[in-house]
Every structure is written in structure tokens, then in C-alpha cells.
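K.L.:
Whatever this is, show me its structure:
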Amino acid sequence: MTTSTAAADGRMRTVVYDDAICRAFSIATIVWGAVALLLGTLVAAQLSHWQANTDLSWLSFGRLRPLHTNAAIFAFVGNMMFAGIYYSTQRLLKARMASDALSWFNFWGWQVIIVAAAVTLPLGLTQGKEYAELIWPIDIAIAVVWVAFAVNFFWTIARRNEPNLYVALWFYIATIVTVAVLHITNSLALPTSWIHSYPIWGGVQDALVQWWYGHNAVAFFLTTPILGIMYYFLPKAAERPVYSYRLSVVHFWSLVFIYIWAGPHHLLYTALPDWAQTLGMIFSIMLWAPSWGGMLNGLLTLRGAWDKLRTDPVIKFFIVAVTFYGMSTFEGPLLSIKSVSALGHYTDWIIGHVHGGALGWNGFMALGMLYWMVPRLWNTKLYSVKMAETHFWIATVGILMYIVSMWVSGVSQGLFWRALDGDGYLKYPDFIEGLVASRAMYQMRLIGGLLFFLSYLLGIYNLAATILQGSRSRVEVQVPAMATEAAGKAGRLIFSPPVLFSALVIALSVLLGVTNLLASPLVLGLLCVAVAAAGLSFAINRDRWGKWHDLIEQNGLAFTVLVLVAILIGGVVQIIPTVVITEKVPEQVRAYEAEVQPAGAEDDPVMAEQARWMQQPYSPLELAGRDIYISEGCFNCHSQMVRPLRHEVLRYGDYSRLEESLLDHPFQWGSKRTGPDLARVGGKYANLWHYLHFMDPRSTSPESNMPAYDHLKTGTVDFDVVRGRMQTLVRLGVPYSDEELRRAAQDGLSQGQLIREDLAKQSVRLAPDSELAALIAYMQRLGRGPQPIEAAEMARGGQ
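P.N.:
Here you go, the predicted model:
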């Protein structure tokens, strides 16, 4: 302990840990975990048996799947994270949480958010962005609760009675800072009502920001806080110190810096600029090293204590969790390689990968933590060790069945879709054939998920019995009172040689990647000089460099600022150029019309008209249909992005381009194809086909597992609401004219009337302002814009 932080006169302080908040979050974890797994079992059943969707719109797959993911991530893992952080932070800092009121505000606020999600998502109230579906008032609530949590956490650090911040706290700091930045940036939107909004980002901007958020939500909500929990609870359970402090330092800083760059690997072969895709792929591959460094640090902590693995179920859960962490962080970089992504993306392989992390890594860590912590919170022993062992083995078998079935299904789907015959054409042109081939694996997935859920119920019984047989614990410790942290040191630490040289090298490396050929030799020379200067500084001031991290561990402010800088670099480098490049929509439109329109369009009036319409905003009826598409969760099963791969162009049509979706708020490129891509579906099928397909998907595709949307036939479009949404989109740069806004209802009904008349010829009755007519209009628009005849009819109808 340094003289600046030691107790000045040997004063002692009594600290009573606030374990009540830990008990509350632990119980919430147990309850919400059951809800998340029940929902997962239900949606797995819906994919295997379409009848499980029932006739209730709010129980359809498209609405329940986002509820399942939000329950698993934010309800189950979120409450587990808070429980572990509150428990370990107080003991690592030797201080009670700074404010009991803020702790309980965090608890009750988080539970209200979860309940709000459970109500709104089944009602179809969504923003249509994966892992960020919740409507804007809930987004604001999340930000408020998170800020309260952050204030309480950093306030506790400021009044701690322990000079150094232990490694687990580093990961907690990274989590708190980064999740705030990610959530706020991705949630920026303009409301159209209390229950609807449009993101300020559109098209490729929205795609990049969304997957910058989506990937790093996995990194900093499902990885870094759980790593912090691993670094605290695994050594406690093993009764061994962490294997390597130095490896912890390397693991933390490299993970925090590199992870934030990797988001674009979710968008390989899409319309995202190639430079961003390449950056995402390179940094994703680099993640192998720090991720496996953390895994090995966890596993090697058990050196000399491997015998506990035979007898202690807590150690079993922890070791399998860390193993799944290693497996998932090997598989993630593998899937980020372009050639592998071309095969695996949009398939069930990704589903298996996600569940390996969510259930294998997060789930087993949560269960291990609960089995270790609950007896201590209630001052008793675990009710049944044998029951915990049984839980472990059933859960392990269940998750392995789940993941293996998705691996097999995913690889099979990828090979199925890309298979070509001897003439270079699709061997299996009907998309539904691939779905039928995966049916057995879907059944196996359902069985595996059901086993995991049943084992969890066994765990609930064991933990409940443990709680009932115990009594609430009260932990009181005597600790030396520490002097207040000197904030003035933060500046000296931040501007110390290690930080300055690291920042200089990073800045020059980024500059080297974006500079032109003439300037690159100069930048490369400066980079070499900076590296040499850093090496010389280290050789001269070896002691100063070596002690730097010890010093920064004693200053929470400096540590937090450096984490913020580390995570901002990647986001700024990726997002700002993409926003600047796509900011001027009119120029992009002209470039599309001049350079990207199909060959021969200038000689073909129909093709020329389609090219002209490609960048026109959606008509009122099409916009209403798009909002219905998002509300029903169609993006969970359909992509709208044809990659420039031969088999995709043959199957779906011309590959997608950046210019096509610039006006889309939010983007709808998708990440999974349980059904075919829809980017070029416009005009492929008659209005009658779409009507029959939505009313009863089996009438057009007998093997389809898609739910029916017959309730849309009786729903009506409110064109006053549509006009308000169009006005909001104008503020976001969508070029609706005043005349188009004024005629929104008239134009919408005119287009709906065309659909009604077309269906009437087939003896089908459909109201022109029905939600189903709007959805059909949107389907017919995708990839081709309003057809010349339709446009003429709409114009004539308004005269």
C-alpha cells in the first residue's frame, strides 16, 4: 500500500455490506431465467411445428423471438450481472455501496423495464433493430437506470477502503462506460408518437451503427461483466489466486481496444463499404489472442485444485462456462473470415454460435455463481449437491444437442443454398427444400432446449430449498480507513509516457490505413520513429513503465478515462467516415442513376423508370406496410440484402447496393434466413399470391413454418398517423414534398384501390385501407419501386 493511500493514523472503519440488493437481484435472475428459457422453448417449437404459433397475433414467432432474446440478455444475464457486481464490488473495495437508494432504484427500475418489454414486444411495438427492439420511452428508462447504476458504482470507488482496483473491477468499469456509449448512440431517434419512432440513422449508416452496437452489446454486456465475475468467483470457488496478473492486464486492454472494431464482420459481402468490412474482419481475427488469453487465465487458475472438479458442482459449472467462452471466441473470429461468412451467415450456424455464448458461457457462469453465492447470502449450505450435479449433466447434454444440431443445420443450409449444377445454375432453386432438410435438426434443437429448460427447473427447486432452509446473512467487517483518492494524479497518469506513446502509435496506425499512396511512406516512417522512441523510453525508464499500471489501478478516474478513449477510437474511425460518405443523399441518387442502373436501361423505358423510382421514398401505403412488416417481426426470418455471390444473384436477383437503402429508417438487411431474401421480391409474385401467402402460408408453400397473418385483413391503416410519420421522415432527410404530405391519404387509398381491384378479379375481397393491402404494397415495392403503370394510375386518380 502506498503512503498516499494508506490509512493516515491506523483508523479502522466498520463496513456492513448491503447483501439485500444481492439477494434481490439473485431471485430476479432465477425467475427471469425461467421465463427466458420457457420463451426459447416455445419459439423453438414454433420453428419445428408452425401450429405452435396459434391464432393469436401476439404469440407469433416474429413477436416472441425478440421477447426471448431480450429476456435472455437483459432479464436473465442482466440481473445476474447486477447480482455479481454488487456482491463482488463491495468486497473488493471493502466498502458498502455508496447509496442504498440508488441500488434499489437500479433494481426496481430494471424490473419495470423488463415488464415493459414483456408487454410491448408481443403487442408489436418495436423499433425493428436486433437486440435494440424496445421503443424509445423504454430506451430512455434504460439510460436513466444505467446512469443511476454508474453513479452508485463510481461513487463507491471514490469512497473505497482498498487502494488498488482488482481485475474484476476493470471489466466492470469497461462495461458501464461502453454500454452507455453504445446504447445512447444506437438509440438516437425521432419519435412519431409515444409508441413509435424512426432512428436518425438510415440505410448503411444504420446498419453500421446497429452492428457496432449489436456486436459490442455481446462484448460489453454479455462478455466483459461476466469476465469480471469469472475473475472474482472462480478464484473464490477454487480457493486459488488468479493464474497470472500480467496476463490479466494484457487480456483486459487488448480485449477492450480490439472488440469495439469488430462489429462490421456481421455485414460481410453486404452494401457496407469494403474498407469497413475489412477492418471488422481483421480486428475480429485479432480477438482470438486476448479472448483465449482470458480463457487460459481462468482455466489455469485451477492449477493444483483440479480434484475439486470431481466433487464440486460449482467448479463444474464454471469450468464448462469458461470452456464455452473459449469455444465461442474461437468460432466468432472464424465466422468473421469472409469465405466462412459467405457459407455461414444467415444460417442456423449463427444461432448455434449465439446460444453457445448465451447458454454455455453466460448461462453456466450464472448458475455457478448462484450455486456459490446463494448459500452465503442466506447463511446456509446448498440444499442438495447431488441435485446440482444432476442439473449440470442434463444442462450440458441439452446445450450440446442444441449447438450441434444448429451447426449441422447451418452448414447444410449454406451448402444447400450455394450448390450449383454442372451448367453453373442452382441445383436446388426452391428455398423451401433447404428448410425441409433442416426439419430433423430443428426437432433435435427443440429436445436440447427442452432438456436445458427442465434442468433449470431442477436448479430452481434446489436454490429455492436452499433459501428456505437458511436465514438472511449480515456481513460486517473491520477495514482500515483509506484517504480520499487524489484526483489530481489522474492527469499525470493519463499523460504519462506509456499512454502517450500508445496513443501516438494507434493514431499513426489508423492514419496509415486511410491515407493515400503518396503520403503513406511518410506516415509509415513516423510510425517507425514512434515505435523506436517508445522502445527507447522503455529502456531508459523501465521502472516508470513497469509501475505505471500499478499506479493507474489506484486512480479510478484515470482508469475510466483511458477505457473511454480505448473504446471510442474504433467507433469514431468506423462510424464518422461512413456517415460523411452517405450524408449527401441526392449525390448518391445521381451516382446510382448514372453508374449503377442496369445495362440497357437507357434504351428500355420500363427499366429506366424503375431506376428513376429506385431512390424515391415509399408511398404512404408502402410506408404503412413497411411499419407493419417491422411490427410483425418479419425481419427475424427474412433478409433484404442480396450479396454479390453467384448463387444469391441466381436465386434472388441483382445484388444489393448501398444507394438502395439510404432512405430506410431503420435498415432491414436482416441477419437470418428462415425464409428467402426479399430485397428483389417486388413483382415476382402476383398480388393474389401474396394475399394467399399471408392468409395461409401453407396454401402457397406447403412445407412452410411461417405463421399466418390473417388478422391483418381486418386491421386498417390510419393515414393521419402515416402522414405524421412521413413528416418525421422529412426531418431525417427523406424527400417527401409538401404536396405528397398533403395527399397522403388520397394517394394511399388510390394505391390500395389498385390492389383491391386486382384481387377482385380473382374473387377476393380486400379493403384498400387494410393492413394486409399495405403489406402487399410494400412487398411489391421491394427491389423495383412503384411500377410505371401503378405510378400513372396513382397520378391519374389524384387529378
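
K.L.:
Please spell out the segments of this structure that come in under the pLDDT threshold.
P.N.:
By pLDDT under 70, the low-scoring segments of the chain are 1-10, 483-494, 510, 512-519, 538, 542-546, 578-615, 785-799.

K.L.:
can you do 80?
P.N.:
Per-residue confidence for the chain (pLDDT under 80) gives these ranges: 1-11, 481-524, 526-527, 530-531, 533-535, 537-551, 574-615, 784-799.

K.L.:
Looking at it, which helix is longest?
P.N.:
Longest helix of the chain, by residue count under DSSP state H: helix 385-418.

K.L.:
which other helices and strands contact the next helix or strand after that helix?
P.N.:
Sequence-wise, the next helix or strand downstream of helix 385-418 (DSSP states H and E) is helix 431-437. Using 3 or more C-beta pairs under 8 Å, 6 or more residues apart in numbering; DSSP states H and E as the contact test, the elements touching helix 431-437 are helix 385-418. Backbone N, C-alpha and C define where each C-beta goes, glycine included.

K.L.:
starting at the chain centroid, how far to the helix it packs on?
P.N.:
Relative to its parent chain, helix 385-418 has a centroid offset of 21 Å by C-alpha atoms, centre = their mean, to the nearest Å.

K.L.:
I'd like the distance from F76 to F25, if you could.
P.N.:
Taking C-beta to C-beta, to the nearest Å as the measure, F76 falls 11 Å from F25.

K.L.:
for stretch 567-578, the distance to its chain's centre please.
P.N.:
18 Å.

K.L.:
Show me which of F76 and F25 is the more surrounded one.
P.N.:
Per other C-beta atoms under 10 Å, whichever of F76 and F25 has more neighbours is F76, with 28 against 25.

K.L.:
G33 is in contact with the more buried one, correct?
P.N.:
Yes - in terms of C-beta atoms under 8 Å, F76 counts as a neighbour of G33; the distance is 4.3 Å.

K.L.:
Now for these two: what residues contact both?
P.N.:
363, 366 (C-beta atoms under 8 Å, 6 or more residues apart in numbering).

K.L.:
isn't there a strand covering R23?
P.N.:
No - using DSSP: H, G, I helix; E, B strand; the rest coil, the assignment for R23 is helix, not a strand.

K.L.:
residue closest to the middle of this protein?
P.N.:
Residue closest to the mean C-alpha point of the chain, counted by C-alpha atoms, centre = their mean, is G214 at 2.9 Å.

K.L.:
That one sits in which helix or strand?
P.N.:
Using DSSP H and E, G214 sits in helix 203-221.

K.L.:
Can you show me the helices along the stretch 101-250 of the chain?
P.N.:
With DSSP state H, counting those that start in this stretch, the ranges of helices along the stretch 101-250 of the chain come out as 136-158, 167-186, 203-221, 224-238, 245-259.

K.L.:
Need those in JSON lines (columns: distance to M726).
P.N.:
Formatted as JSON lines, the helices of the stretch 101-250 of the chain follow (distance: least, C-beta to C-beta, whole Å):
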{"stretch": "helix 136-158", "distance to M726": "18"}
{"stretch": "helix 167-186", "distance to M726": "24"}
{"stretch": "helix 203-221", "distance to M726": "17"}
{"stretch": "helix 224-238", "distance to M726": "41"}
{"stretch": "helix 245-259", "distance to M726": "39"}
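
K.L.:
Select, out of these, the one closest to D769.
P.N.:
Nearest to D769 among the helices of the stretch 101-250 of the chain is helix 136-158 (26.8 Å), distances taken as C-beta to C-beta.

K.L.:
Can I get that closest one in CSV, CA atoms only?
P.N.:
The C-alpha trace of helix 136-158 is given here as CSV (Å, rounded to 0.1, in the frame of the first residue of the first chain):
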residue,chain,number,x,y,z
TRP,A,136,-38.0,4.9,-27.3
PRO,A,137,-39.6,5.6,-23.9
ILE,A,138,-38.1,2.3,-22.6
ASP,A,139,-34.8,3.3,-24.1
ILE,A,140,-34.8,6.4,-22.1
ALA,A,141,-35.7,4.5,-19.0
ILE,A,142,-32.7,2.1,-19.6
ALA,A,143,-30.4,5.1,-19.9
VAL,A,144,-31.7,6.6,-16.6
VAL,A,145,-31.4,3.3,-14.7
TRP,A,146,-27.9,2.7,-16.1
VAL,A,147,-26.8,6.2,-15.2
ALA,A,148,-28.0,5.6,-11.6
PHE,A,149,-26.1,2.3,-11.5
ALA,A,150,-23.0,4.0,-12.9
VAL,A,151,-23.2,6.9,-10.3
ASN,A,152,-23.5,4.4,-7.5
PHE,A,153,-20.6,2.3,-8.8
PHE,A,154,-18.1,5.1,-9.3
TRP,A,155,-19.2,6.8,-6.1
THR,A,156,-18.4,3.6,-4.3
ILE,A,157,-15.0,3.5,-6.0
ALA,A,158,-14.3,7.1,-4.8
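
K.L.:
What residues sit buried inside it?
P.N.:
Within helix 136-158, the residues that qualify as buried are 136, 138-139, 141-142, 145-146, 148-154, 156-157, counting by 16 or more other C-beta atoms under 10 Å.

K.L.:
That helix - contacts with which helices or strands?
P.N.:
Here helix 136-158 touches helix 78-93, helix 100-120, helix 167-186, strand 189-193, helix 556-581, going by 3+ C-beta pairs under 8 Å, 6+ apart.

K.L.:
picking up where we left off before, buried set for the longest helix of the chain?
P.N.:
Using 16+ other C-beta under 10 Å as the test for burial, helix 385-418 gives 387-388, 390-392, 394-396, 398-399, 401-403, 405-414, 416-418.

K.L.:
do stretch 419-426 as well
P.N.:
By neighbour count on 16+ other C-beta under 10 Å, the buried set for stretch 419-426 is L426.

K.L.:
what residues does that stretch touch?
P.N.:
Contacts for stretch 419-426 (C-beta under 8 Å, 6+ apart): 427-428, 646-647, 650-651.

K.L.:
what number of residues lie near K94?
P.N.:
For K94, the neighbour count with other C-beta under 10 Å is 18.

K.L.:
Would you agree it is in contact with V477?
P.N.:
Yes - under the criterion of C-beta under 8 Å, K94 makes contact with V477 at 6.9 Å.

K.L.:
Between these two, which contacts overlap?
P.N.:
V15.

K.L.:
List the buried residues in the helix or strand hosting A532.
P.N.:
Under the criterion of DSSP H and E, A532 resides in helix 520-540. Buried residues in helix 520-540, defined by neighbour count with 16+ other C-beta under 10 Å: 523, 527, 530, 534, 537.

K.L.:
again, but for stretch 179-188
P.N.:
Buried residues in stretch 179-188, counting neighbours by 16+ other C-beta under 10 Å, are found at 179-183, 186-187.

K.L.:
same thing with stretch 324-341?
P.N.:
324-329, 331-333, 335-337, 340-341.

K.L.:
Redo these as CSV? Include secondary structure and distance to A72.
P.N.:
Formatted as CSV, the buried residues of stretch 324-341 follow (DSSP: H, G, I helix; E, B strand; the rest coil; distance: C-beta to C-beta, whole Å):
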residue, secondary structure, distance to A72
F324, helix, 15
Y325, helix, 17
G326, helix, 21
M327, helix, 19
S328, helix, 15
T329, helix, 19
E331, helix, 19
G332, helix, 18
P333, helix, 23
L335, helix, 20
S336, coil, 23
I337, coil, 27
V340, helix, 26
S341, helix, 24
